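>>> Just need the structure, nothing else, for what follows:
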Amino acid sequence: MIERFWRSLKYNEIYLYEYNSPRETRQGVERYIHLHNHYLPHQSLQNHTPAAVYNRDVVLSSTCE
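Numbering: from 1, shown residues only. Okay, the predicted model is just below:
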């Protein structure tokens with residue numbers, strides 16, 4: 001799972017923008033992480049955001065019955 005996150009970060013943020021300083025790079029990465037955690041639904045989380053699952057705003061249903 002973490003490999004997918006790093007790939008998404010690289011291709012959706014880092015490779016798209018030309019940063020002029022380490023500060024800009026950090027701000028871009030922070031912006032992407034916020035987007036990833038709060039606004040992008042994840043298939044592995046039953047199309048919920050990581051923040052919603054972490055904050056227990058939603059409860060994931062079990063696939064094993």
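
>>> which secondary structure elements does the helix or strand harbouring Arg23 contact?
Using DSSP states H and E, Arg23 maps to helix 22-38. Helices and strands touching helix 22-38, by 3 or more CB pairs under 8 Å, 6 or more residues apart in numbering; DSSP states H and E, are helix 2-9, helix 50-54. No exception for glycine: its C-beta is placed from N, CA and C like everyone else's.

>>> Return, as residue ranges, the portions of this protein with sub-threshold pLDDT.
63-65 (pLDDT under 70).

>>> just to revisit the earlier point, could you single out the most deeply buried of the helices and strands packed on helix 22-38?
helix 50-54 (a mean of 14; mean count of other CB atoms under 10 Å).

>>> Pull the distance from that one to the chain's centre.
Relative to its chain's centre, helix 50-54 lies at 11 Å (CA atoms, centre = their mean, to the nearest Å).

>>> before we move on, what about stretch 14-26?
That offset, for stretch 14-26, works out to 18 Å (CA atoms, centre = their mean).

>>> Could the C-alpha coordinates of that stretch be exported in CSV?
Only the C-alpha atoms of stretch 14-26 are listed here, as CSV (Å, rounded to 0.1, in the frame of the first residue of the first chain):
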residue,chain,number,x,y,z
ILE,A,14,6.4,15.9,-7.7
TYR,A,15,6.8,15.2,-11.4
LEU,A,16,4.2,17.8,-12.5
TYR,A,17,5.7,20.8,-10.8
GLU,A,18,9.0,22.5,-10.9
TYR,A,19,9.9,23.5,-7.4
ASN,A,20,12.4,26.4,-6.9
SER,A,21,13.3,25.6,-3.3
PRO,A,22,13.0,22.9,-0.6
ARG,A,23,10.3,25.0,1.1
GLU,A,24,8.1,24.9,-2.1
THR,A,25,8.7,21.1,-2.4
ARG,A,26,7.7,20.6,1.2
